[in-house]
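1. Need the 3D shape of this:
(2 chains)
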Protein chains: 2
Amino acid sequence: MKRVMLRVAYDGTDYCGWQRQPNGLAVEEVINRELSALLGEPVSVIGASRTDSGVHALDNVCVFDTESRIPGEKFAYALNARLPQDIVVQQSCDAEADFHPRHCDCRKTYEYRIYNATFRNPLLSRYAHFLYRKLDAEAMRRAAGYLVGEHDFKSFCSVNTQVKETVRTIYSLDILEQAAGAGRLITIRVSGNGFLYNMVRIISGTLIEAGYHWREPETMPQILAARDRAAAGPTAPACGLTLMEICYL
Amino acid sequence: MKRVMLRVAYDGTDYCGWQRQPNGLAVEEVINRELSALLGEPVSVIGASRTDSGVHALDNVCVFDTESRIPGEKFAYALNARLPQDIVVQQSCDAEADFHPRHCDCRKTYEYRIYNATFRNPLLSRYAHFLYRKLDAEAMRRAAGYLVGEHDFKSFCSVNTQVKETVRTIYSLDILEQAAGAGRLITIRVSGNGFLYNMVRIISGTLIEAGYHWREPETMPQILAARDRAAAGPTAPACGLTLMEICYL
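-> Numbers count the residues shown, from 1 in each chain, chains lettered A, B, ... in the order given. Take a look at the predicted model:
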């Protein structure tokens, strides 16, 4: 028996998220189905990030155990020949037998993308949230600065969760701007040691309100101190979010 | 009666191209249908670029004539409320009555995007052609240099065309590289005073062969001189191509 690790990219548009749900097809279900068919044994992967419905990933990680003697690095080729176009293994390798993708220290990086222009851009609409009202990126940047470091992020956590421990560390939280089509692409790039349920989307929704001047950047410490979901902004839509990288320490 | 100009962006994936075809839905058909419904009169647009099936556009131009008194700049809002998500008017305005988008001098810019990596990137596959063999961008750049300027591009024109005059001017032809996911995005950016049928895709297919070292960059003048489609490389797939801009002079 050995443990194999996969690094998986997917377009989340047509999936109900990473994890199996009653309503729709999950990314892990498709991977389990194709791995089981490939190996002729029932396989069930353990994922690092249980991304939500509609969220994308360039680098989610999962592991599975198998009796197979296929070298770990060959699984990417064998699986990609079977997987649909919107799920692609980027790398595979043999892993330590006790490596668990959710219980090991790591640095995760997400990007939340906003297309800010008068009209939608059809080439960006799958991967960026469209907002026509002009965002002040500098105000977003000032607000973001208050969230970097170790904080209790309970205000930035969906109430639909059983997690008790809500302290997390954000290593960096940058607001990037670039020209795109007739508008601007604004990317919220955040790295941390872990994220609560919906945390990146709630941070994004709150920073958008700062970008609209609906919230003063200086109120961010009060939002953190409130430890109350109602103190933060709305949960920004899933399509803008991409899990970019998981780096094990 | 007045003439109105629209600047239109679309994701070409689900269309059989700009122009009405027997096999599938064309972008201009959808625009004609929604304009006619909006105005309560039959409307038929004249497009600047008859992009192929699967080709995208950020800025294609079309005009139509109408008895309507709606101010030109309002059409973008009214039409976008009716159009599907993958076709979006970026700008509209009143135009001169004799302005014809194909018979006026212009500078058109196209981008052909290639994702070069070991495995596909599902977030790029709609808008970039995937190639796993490593491309030498510098060789592509050397080959591209021979095509800049006024030349007879008959070798770079699909044989399925009735065009007699095959001399065109390429103002610039750049090869851009950037990191993307686990690979590189290579963009062939070309501006010219007009392009023959499939010309950008045949140039791209030929530059890809130069990037593989299957063709010496120094053979490009011979390909031009041959005035024979068979002398050039293959037509690169449609999904990589986007019409970026049409600038009237």
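
2. mind giving me the domain split of chain A?
-> A:2-95, A:106-248 (automatic domain parsing).

3. Say whether chain B is contacted by the first one.
-> Yes. Using C-beta under 8 Å from any C-beta of the partner chain, domain A:2-95 reaches chain B at A:9-11, A:56, A:58-59, A:76, A:80, A:85-91. Where C-beta positions appear, they are placed from N, C-alpha and C, glycine not excepted.

4. where along chain A do the helices fall?
-> Counting by DSSP state H, one finds helices in chain A at the ranges A:27-39, A:75-80, A:137-145, A:199-211, A:220-226.

5. And for chain A, the residue most distant from the center?
-> Most distant residue from the mean C-alpha position of chain A: A:Arg69, 32.2 Å away (C-alpha atoms, centre = their mean).

6. Now for that residue: which residues touch it?
-> Not one residue lies near A:Arg69 by C-beta atoms under 8 Å, 6 or more residues apart in numbering or on different chains.

7. so what's A:Ile186 up against?
-> By C-beta under 8 Å, 6+ apart, the contact set of A:Ile186 is A:113-116, A:135, A:137, A:140, A:175-177, A:211.

8. Now A:Val45: closest residue in space that isn't a chain neighbour?
-> Closest residue to A:Val45 apart from its sequence neighbours, by C-beta to C-beta, 6 or more residues apart in numbering or on different chains: A:Cys62 at 4.1 Å.

9. any idea how far the one you found lies from A:Ala238?
-> For A:Cys62, the distance to A:Ala238 (C-beta to C-beta, to the nearest Å) stands at 20 Å.

10. Just want to know which of those two has more residues nearby.
-> Set A:Cys62 next to A:Ala238 and count neighbours by other C-beta atoms under 10 Å in any protein chain shown: A:Cys62 wins out with 24 against 18.

11. If any of the contacts of A:Ile186 are buried, put those into a PyMOL selection.
-> Buried members of these, defined by 16 or more other C-beta atoms under 10 Å in any protein chain shown, are picked up in PyMOL with:
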select buried, chain A and resi 113+114+115+116+135+137+140+175+177+211
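
12. between the contacts of A:Ile186, which is nearest A:Ala37?
-> Ranked by distance to A:Ala37 (C-beta to C-beta), the contacts of A:Ile186 are led by A:Arg113 at 34.6 Å.

13. what's the burial count for the closest residue to the closest one other than its chain neighbours?
-> When the adjacent residues along the chain are set aside, A:Arg113 lies closest to A:Ala128, with 4.0 Å between them (C-beta to C-beta, 6+ apart). Neighbourhood size, A:Ala128 [other C-beta under 10 Å]: 26.

14. what's near enough to touch A:Ala128?
-> A:113-115, A:121, A:185, A:239-240.

15. Go through those and flag which are in strands.
-> Of the contacts of A:Ala128, the ones assigned to strands by DSSP state E are A:113-115, A:185.

16. Redo the contacts of A:Ile186 as TSV? Include distance to B:Arg229 and pLDDT.
-> Below are the contacts of A:Ile186 laid out as TSV (distance: C-beta to C-beta, whole Å; pLDDT from 0 to 100):
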residue	distance to B:Arg229	pLDDT
A:Arg113	41	98
A:Ile114	44	98
A:Tyr115	39	98
A:Asn116	44	98
A:Leu135	48	98
A:Ala137	48	98
A:Met140	52	98
A:Ile175	49	98
A:Leu176	44	98
A:Glu177	44	97
A:Gly211	52	98
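
17. On the pLDDT front, check A:Cys249 for me.
-> For residue A:249 the amino acid is Leu, not Cys. With respect to pLDDT, A:Leu249 has a value of 87.

18. My error: substitute A:Leu243 in the last question.
-> On pLDDT, A:Leu243 comes in at 98.

19. Leaving out chain neighbours, which residue sits closest to it?
-> What sits nearest to A:Leu243 in space, not counting adjacent residues and going by C-beta to C-beta, 6+ apart, is A:Ala57, at 4.1 Å.
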